[in-house]
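Novice: Need a 3D model of the sequence below.
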Amino acid sequence: MGRSISFLPILFSLLLFMTGCLDKKGYIDGEFALDGFTFDVVAPEIEIVESRPGFANNSNVQFKIYTGSNKINCESLSKFTITASSSTPSVSSFTDTCTISGVQFKTINVGSDGPKTYYIHAMSDQGKFSAPKSVSFILDTTAPTVNFTDIGAGPFRGGSSISLVYNASDLNGLESFVLDFAQDGFSYVNDRSISFSATGGTYTFPTTDITTNRLRVVAVDSAGNTSTVISSLFETDSTPPTISLNNLPSIIQGSSAVGVTFSSSDLNGIASSSLLYAADGSNFSSVVSNPSSIYSWTVPSDNVQSALMRYVATDAVGNTSTATSAPFIVDSTPPNASITNLPAVVKGGSSQNVTFSNSDLNGVASINVEYSADGSTGWTSLTTTNTSPYSWTIPITDTTGSRLRLTVTDNAGLVSQVLTAPFN
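Specialist: Purely as a prediction, here's the structure:
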């Protein structure tokens, strides 16, 4: 059997010798350092301090480098650099020293908008380089394009609606697009979210009386850039005009002229007004537009019991107020009247019963029984008491063609007159 030689002691001694030549980072020291006989240099993890995932909205981008104990802890590198190329940079480019503070930050101007990829390269004390690690993002420093057509100062009627014209766009897309409202002109509250493709919408004004309203549209793009367009101050008016209408007389003579008294006022002015009449108390028709008070109204020749007059005023934004009179009567029919003829010859100084009658749907206001010796002039009142028969003492005179006359006036002022036949 041949002799066997043990190499284990020799190998162990060699390993001890080499270990003594390693520095604290695991590299072979001095003359025993050989290319390729090192631990690998590992670049730290890198990301950007971003406004939105995958985006930066400032050309001065802050990079976050994880060199702390939970990551690389600078065990295999001493310096690093960040470049826009994956190629290993020159040694002089490695100007950032690795620390064990946990994370390190470096700000770099990355130029104009567009897609970007940046690389971190690490270098050891011995000048060994790591494979690069990269971070990619889109630089977008351009705010969205927003258009909003101003609606003007108004005033606008509270509760009414208006068509708004607006739109927004962005090369990298929108994150949000909203319409806000502020009744004091600066304390905005959200009114609605807007579809990114919208070109306008309907807005309903609040039911308030305020002069400091504003609207604004706000668009935020995917990188967090914001564009805002604010409307002019505008006024909302929800208060109808203040109006009044005096009641008409309770009974009015048809075809007569009656003064109609009314008034109206409004903070933003009266745009239009009208008087209307309803013979039946419900179906109104126009009497006159934009009248002045007192308006002289020619009453229709109606015979109705519950007529109404109405005054309507509308302010500059469309708020309307209505005032309606108490019911009144329109009377175009004179009263009924009759008087009984006396005998053809009556004795002077004797008593004669004068019989008469009268009536009216709306009441008789007065009567008058009169005598004329010649039957046409010099009428003398005998009685105004509406009591028939009336006992009349005939004058002691000799006349021919004498007459009595009955005049009846109703409550509308309509008059009827009837005469007896001539008597002597």
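Novice: contacts and neighbour counts: CA atoms only from here.
Specialist: Will do.
Novice: burial count for I394?
Specialist: Neighbours of I394 under the rule other Cα atoms under 10 Å: 14.
Novice: ok, which stretches of the stretch 201-350 of the chain are strands?
Specialist: 210-221, 226-230, 234-237, 242-245, 251-253, 257-260, 262-265, 270-278, 285-289, 295-298, 304-315, 320-324, 328-331, 336-339 (DSSP state E, counting those that start in this stretch).
Novice: Out of those strands, the one nearest S87 is which?
Specialist: S87 lies closest to strand 210-221 among these, at 33.4 Å (Cα to Cα).
Novice: what's the angle between the closest one and strand 226-230?
Specialist: Here strand 210-221 runs at an angle of 160 degrees relative to strand 226-230 (axes from the mean of the first three to the mean of the last three Cα atoms, to 10 degrees).
Novice: Kindly format the C-alpha coordinates of strand 210-221 as CSV.
Specialist: Taking C-alpha atoms only, strand 210-221 is exported to CSV below (Å, rounded to 0.1, in the frame of the first residue of the first chain):
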residue,chain,number,x,y,z
ILE,A,210,-75.6,87.8,-2.3
THR,A,211,-73.3,90.0,-4.5
THR,A,212,-70.0,88.3,-3.8
ASN,A,213,-70.5,84.8,-5.4
ARG,A,214,-67.8,83.2,-7.4
LEU,A,215,-67.3,79.9,-9.4
ARG,A,216,-64.0,78.3,-10.2
VAL,A,217,-62.9,75.2,-12.1
VAL,A,218,-59.8,73.3,-10.8
ALA,A,219,-57.9,70.7,-12.8
VAL,A,220,-55.1,68.5,-11.4
ASP,A,221,-53.0,66.4,-13.7
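Novice: Show the average pLDDT along that strand.
Specialist: Averaging pLDDT along strand 210-221 gives 96.
Novice: Could you do stretch 317-335 as well?
Specialist: pLDDT averaged over stretch 317-335 gives 97.
Novice: Model confidence score at the residue nearest to T207 when sequence neighbours are not counted, please.
Specialist: Leaving aside its sequence neighbours, T207 sits nearest to G158 (Cα to Cα, 6 or more residues apart in numbering; 4.0 Å). As predicted, G158 sits at a pLDDT of 95.
Novice: Contact partners for G158?
Specialist: Going by Cα atoms under 8 Å, 6 or more residues apart in numbering, G158 touches T204, F205, P206, T207, T208, D209, T236, D237, S238.
Novice: Which of the residues you listed scores worst on pLDDT?
Specialist: Scanning these for pLDDT, the low point is T208. It has 91.
Novice: From G159, how far off is that residue?
Specialist: Distance check for T208 against G159: by Cα to Cα, to the nearest Å, it reads 9 Å.
Novice: And W379, by the same measure?
Specialist: W379 is 70 Å from G159, by Cα to Cα.
Novice: what's the answer for F129, then?
Specialist: F129 is 71 Å from G159, where distance means Cα to Cα.
Novice: Looking at these two, which is more packed in?
Specialist: F129 (22 against 15).
Novice: Surely the more buried one touches A122?
Specialist: Yes: judged on Cα atoms under 8 Å, F129 makes contact with A122 at a distance of 5.7 Å.
Novice: shared neighbours of those two, which are they?
Specialist: Contacts common to F129 and A122, judged by Cα under 8 Å, 6+ apart, are V41.
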